[in-house]
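Q: sequence and predicted structure, then a few things I'm wondering about:
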Amino acid sequence: MKQPTNGEARIGFYVCHCGTNIAGVVNVAAVAQYAAQLPGVVVSRDYKYMCSDPGQELIQTDIKEHQLNRVVVASCSPLLHEHTFRTACEKGGLNPFCFQMVNIREHDSWVHEPGDAATEKAKALVRAAVKRVALHTPLEVKRTRIHPDVLVVGGGIAGIQAALTIANGGQNVYLVEREPTIGGHMAKFDKTFPTLDCAACILTPKMSAVASHPNIKLWTYSEVVKVDGFVGNYKVQVRRKPRYVNEELCVGCAKCVDACVYKEEKFEDEFNEGLAKRKPVYLPFPQATPPVVVFDPDACIQLKTGKCKKSCLEACDRNAIIFDQKPETKEIEVGTIILATGFRTFDAARLPQYGFGTLPNVYTSLQIERMVNASGPTDGHIMLKDGRTPKAVGIIHCIGSRDNRTNRWCSRVCCMYSMKLAHLIKQHTGAEVFNFYIDIRAPGKGYEEFYEKLQEEGVHFIRGRVAEVADWPLTKEEEGKLIIRVEDTLAGFVRRIPVDMVVLATGLEPQPDAQDVRRLFNISCSTEGWFLERHPKLAPVSTFTDGIFIAGCCQGPKDIPDTVAQAGAAAGEALSLINAGFIELEPNTSYVIADDCSGCKTCIPLCPYNAISRDEEKKKAVINEAICKGCGVCVAACPSGSIVQNLFTDQEIFSEIEAVLG
Amino acid sequence: MMPLTPTLKFDAERDPSFPKQIMARPGGEKLFGCIQCGTCSATCPVSIYMDYTPRQIMALTRAGFKDEVLRSRTIWLCASCYACTVDCPKEIKITDIMYALKRRAIQDGVYPKRFPIPVLAREFFKMVRRRGRVTESELVVRLMLQTNWLGMVKMWRQGLNLIRTGRFSLKPERMRHAEALRPIFAGGEPHLATRTPRHPWEAES
Amino acid sequence: MKFSYFPGCSLKGTGRAYEESLLAVCRALGVEVQELDDWNCCGATAYMAVSEAAGYMMNTRNLALAERDSHELLAPCNACYLSLKKTQHYIAEYPSVAAQATGALAAEKLSYTGKVKVRHPLDVLVNDVGLPAIKKAVKQPLKGFKVAPYYGCQIVRPFAEFDDQQNPVLMDKLFQALGAEVVRYPLKTRCCGGSLTGTIGEVGQRLSFILLNEAQRRGATCVATVCPLCQFNLDSYQAEMSRQWSPVRMPVVYFTQLLGLALGLDEKALGLQRCIVPLPAQEVHA
């Protein structure tokens, strides 16, 4: 790499026209002329498109011919082409960090009127860069290895898909799920739109594959409790909750469930959305994976009081039940992490005008999914509380969504699943079905066609947001019914529509502990609470923390096709890192000059990335340059000025300021 | 022959400044956020009597069809129950917009002159300006004399009931010093930046 | 416990029984009230339709008078309660309103800082006096009363500061504490028609009819109100409603009248004779 000769800078300066983007506002020829007479500048050129191949070759040729040891390019934002020009320098034989870029497009030509002032500003910015670059020193890009194992957090369809893709690629995966079984929300659905595939039929083979895959370690009923480290080198602690059953021995025959001293199911069955009850020992659903029962410590008499007949123990012929099982903490090392923690549905009780929880026969969409499911609490029969079959059903879209007072966003899937439920309800009961919507959102493949099919089936689509579901009748026909009051905006009337059953299409929202989880993994959430992607268009599964990826609804509401696509994308990102084997780190990191450090510990708690630790022996601060992201907080805070940041030393910054002021 | 009237709205009939003027009043700020969901019309207890539903009034106002809006019965039928304001998912203060439209209709002189509701508003306004308080019995009599002579006769039963139960005030309610209200009707202190314009009805009686 | 008291124009006219029963109940429960001196009309819903500035200014004057007396301001009529509250909120939220509203105060050397609190008697009686204290003072529990508590709109919309906006329960709790049976009444905040009963009878009276009819259908023996206009609308047109739609006969009382009965106060003192549809004698004398 070219070193500065005799400490003397030999600077090559290039100003880009960027077509008319810059040249139309700034007099680039004048800027080049001005730069030519600045101290240290040996070559000064203007060129139409510096980022083009010829442009880059210009730099490479000049470095060799003029023995340049510093390069400045005045063009667009570094976010776009800093890497391009650094690489060009490297190809020309110059250390890529002996380069400085000046933004005279976003910072000048794009925000000012053409004229002398814009040109003078460009000159000032160039002057600053030229003064600064002379102080740059060659820096080496560091590399860190990528541990080949992957952690996937969340065992819904997103986590399952990601785990399978990575495991099939030959890498080891830990799949951690906090419920006793994987499957997530999709396991509760009956059919999926628009194909009306049976959800379980397409999901369970994947669940099975996860369970039997040699490269996947499946830990259900477990949660991540601690995450340390950085990209390629994460140390994670996983806490396995006791199910009071030996997972290796239990085969899920459920004889213990039959034998339980509770002859009747008395406890809330979470899987069936409150429509059924279960016993203290239970299998969440028939295809639960792993097929192992769980004991509920808040319900099981033995676990609560220690005094029970324990008929379950007798019934188990594999000795799988362990009442004194303790929680276990596992420590694992992984190189990359994929978060696929999913969503929660909006609590319909927050909108009392729709009667959820106060009026009978008002259900949420998930409850109807369970009801219409053949393996659900009613064996697939849609029925009212008193056992009758409904003759008229109202499905209300946008519950909790598109509302400034609850969730501002559109939950994306509810129009489609509401249509699906309309079809299933009509199929099962022959009832008259009304869908009440504000807009129909059917953007996916086959979605508009599905809407057409529903219309042909005679489902009434009424454009109007329902004001209330009432139980006070105005006519004889309305007695004993639930009355929906709505403005049929298309037909042009306010209507009262009596139905037997109301289905609330509840929207999607972030998990209640999303903030806790994101802090655990050191990523960010958007203002709405979804995990934040690095770029909404170009990096939807990456986060701002290297090595941690997100997939599925934890990033924002989406349907199953998009979830599976994102899971594959996240797996691809992880495999890409693993395949490369190492990652390069931007050298704008900070380091402590140990002699100057007084050990005051001011910097340590300030680091947002936990990169600073204390050497207890020497009583000095030490920065782990692999984790350091170069934010500069410690540099600014250090009272003795003993922390230095590469590429942003005090001298470099001050020289820029002095020069820009003229 | 069936009389046919074409209803094609030309762009020249719009008044683009109209929605901005309505939105400048407190409560009107969020009008452009309306997604036309119809919750306001659905929850409004009197929307079934209106010529345009509240949702339609929002659409017409936003588009600038001032005449249709100000000449509608809708804005006068609004009873200010605030159900729409509370239920609107875009937090539009619809009731306040209805008030703004009422005031504008009066200002522009396009309110339905014999419609009981603006007549009631005017009599209320004048009575308070004179005495500082309202005497309900007198107010109702004045209202009916101007709008529904026969109706008043038909309400003899109500009248008698009210007199019988001592709820019909025979002497007017008044402040001791109603002139304390004069600065309010004179348009506020002169040194204030925002001057209240003299109201068209202040000149009357 | 002392309050400034803003009766509003209705309580001196058609709503006299509200004032009578409110003052009687306050006396019995040790709540001191002092009528605001030379108060002016709040403007109700009529003023905002005519002049926004005058509407805010009139209420600011009342608020300033209350601030001068430095007690919390009791406003029994829902419309007065809302006008005063809305003025307070809008002065705080909109600088243009704040500038206009305080314009007329200087002439009377009044000032408004925003610290006065506007309270509804339902709030004060149930939350400040408290149900335990009221229960102790009950002499004649309301046995046999099946009350449909009707709150009306403006006490919970758009500001619901002392009870739930969709399903207020303070009156329900109060009547249960007084020994009455409370009917489940989902129309408890649906509009009674307001001033429309007098201007466009078919509309306003229909709204009130729906309320009475449903209360009747659910087996209520009386409807309790917190607003003089609601009481008037529900009470005065029952004969017309019965002719126009279907028979309704439902006594409509103020919640303070029921409270007074339970406290053993005299019916005349509570203004019960002013109801157009009277409470059945046996209920009163139970």
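A: Good, I have the coordinates.
Q: tell me where the stretch 101-250 of chain C has strands.
A: Using DSSP state E, counting those that start in this stretch, the strands of the stretch 101-250 of chain C run over residues C:118-119, C:146-149, C:181-182, C:222-225.
Q: and A:T406, how close does it get to chain B?
A: Per Cβ to the nearest Cβ, to the nearest Å, A:T406 is found 8 Å from chain B. Bear in mind the C-beta positions are built from the backbone N, C-alpha and C, glycine included.
Q: what's the lengthiest helix in chain A packed up against?
A: Determined from DSSP state H, the single longest helix within chain A is helix A:560-580. When contacts are defined as 3 or more Cβ pairs under 8 Å, 6 or more residues apart in numbering or on different chains; DSSP states H and E, helix A:560-580 packs onto helix A:157-168, strand A:336-339, strand A:548-550.
Q: partner strands of whichever helix or strand comes after the first one, parallel or antiparallel?
A: Which is helix A:157-168. Proceeding C-terminally, helix A:157-168 gives way to strand A:173-176 as the next helix or strand, assigned by DSSP states H and E. Applying DSSP bridges to the sheet, strand A:173-176 is found paired with strand A:150-153 (parallel), strand A:216-219 (parallel).
Q: contacts for the first one next, please.
A: Counting contacts by Cβ atoms under 8 Å, 6 or more residues apart in numbering or on different chains, the residues outside strand A:150-153 that touch it are A:159, A:162-163, A:166, A:171-176, A:224, A:234, A:236, A:332, A:334-341, A:517, A:574, A:578.
Q: could you pick out the buried ones from those residues?
A: Among those, those buried by neighbour count (16 or more other Cβ atoms under 10 Å in any protein chain shown) are A:159, A:162-163, A:166, A:171-176, A:224, A:234, A:236, A:332, A:334-341, A:517, A:574, A:578.
Q: list the buried residues of the longest helix of chain A.
A: Applying 16+ other Cβ under 10 Å to helix A:560-580 flags A:560, A:562-575, A:577-578 as buried.
Q: what do you get for stretch C:240-248?
A: Within stretch C:240-248, the residues scored as buried using 16+ other Cβ under 10 Å are C:E240, C:M241, C:V248.
Q: sorry, back to before: and the helices and strands packed on helix A:560-580 as TSV, adding mean pLDDT and distance to B:T85?
A: Formatted as TSV, the helices and strands packed on helix A:560-580 follow (pLDDT from 0 to 100; distance: least, Cβ to Cβ, whole Å):
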stretch	mean pLDDT	distance to B:T85
helix A:157-168	98	40
strand A:336-339	98	40
strand A:548-550	98	39
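Q: how close does A:I321 sit to chain C?
A: A:I321 is 47 Å from chain C, by Cβ to the nearest Cβ.
Q: that residue reaches A:A259, doesn't it?
A: No. At 10.7 Å, A:I321 does not count as touching A:A259 under the criterion of Cβ atoms under 8 Å.
Q: need the residues touching each of the two.
A: A:C312.
Q: related to what we said a few turns ago, from the buried residues of stretch C:240-248, which one has the minimum pLDDT?
A: Within the buried residues of stretch C:240-248, C:E240 has the lowest pLDDT, namely 92.
Q: CA-only coordinates of stretch B:88-99 in PDB, if you can.
A: Below are the C-alpha coordinates for stretch B:88-99, written out as PDB (Å, rounded to 0.1, in the frame of the first residue of the first chain):
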ATOM      1  CA  CYS B  88     -64.400   8.500  14.000                       C
ATOM      2  CA  PRO B  89     -61.200   6.400  13.400                       C
ATOM      3  CA  LYS B  90     -59.400   9.400  12.000                       C
ATOM      4  CA  GLU B  91     -60.300  11.600  15.000                       C
ATOM      5  CA  ILE B  92     -62.100  14.200  12.900                       C
ATOM      6  CA  LYS B  93     -64.100  16.500  15.100                       C
ATOM      7  CA  ILE B  94     -67.200  16.200  13.000                       C
ATOM      8  CA  THR B  95     -69.500  17.900  15.400                       C
ATOM      9  CA  ASP B  96     -67.300  21.000  15.300                       C
ATOM     10  CA  ILE B  97     -67.300  20.900  11.600                       C
ATOM     11  CA  MET B  98     -71.100  20.800  11.600                       C
ATOM     12  CA  TYR B  99     -71.100  23.900  13.900                       C
END
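Q: now that stretch: average pLDDT?
A: 97.
Q: again, but for stretch A:475-482
A: For stretch A:475-482, mean pLDDT is 96.
Q: hmm, it touching chain C?
A: No. Applying Cβ under 8 Å from any Cβ of the partner chain, one finds stretch A:475-482 separated from chain C by no less than 9.5 Å.
Q: end-to-end on that stretch?
A: With Cα to Cα, to the nearest Å applied, stretch A:475-482 spans 12 Å between its terminal residues.
Q: is it true that A:S311 touches A:D258?
A: No. A:S311 is not in contact with A:D258 according to Cβ under 8 Å; the separation is 9.4 Å.
Q: list, one by one, the residues from the stretch 101-250 of chain C near chain B.
A: Counting by Cβ under 8 Å from any Cβ, the stretch 101-250 of chain C sits next to chain B at C:103-104, C:106-108, C:153-154, C:157-158, C:165, C:190-191, C:193-196, C:198-201, C:203-204, C:207, C:236-237, C:239.
Q: narrow these to those that are buried.
A: C:103-104, C:107-108, C:153-154, C:157-158, C:190-191, C:193-196, C:198-201, C:203-204, C:207, C:236-237, C:239.
Q: tell me how far the residue in the stretch 1-150 of chain C positioned nearest to chain B lies from B:A24.
A: Among the residues of the stretch 1-150 of chain C, C:G103 lies closest to chain B, at 3.3 Å counting by Cβ to the nearest Cβ. Separation of C:G103 from B:A24 (Cβ to Cβ, to the nearest Å) stands at 19 Å.
Q: quick one: distance of stretch C:23-37 to the chain centre.
A: 15 Å (Cα atoms, centre = their mean, to the nearest Å).
Q: who touches it?
A: Residues contacting stretch C:23-37 (Cβ under 8 Å, 6+ apart): C:1-7, C:62, C:65-66, C:69, C:71, C:73-74, C:121, C:124-125, C:128-129, C:133-134, C:137, C:256, C:259-260, C:263, C:265, C:269-270.
Q: how about low-confidence regions in chain B?
A: B:187-205 (pLDDT under 70).
Q: which bits of it sit near chain A?
A: So chain B meets chain A at B:35-39, B:41-43, B:47-48, B:53, B:55, B:83, B:87, B:89-91 (Cβ under 8 Å from any Cβ).
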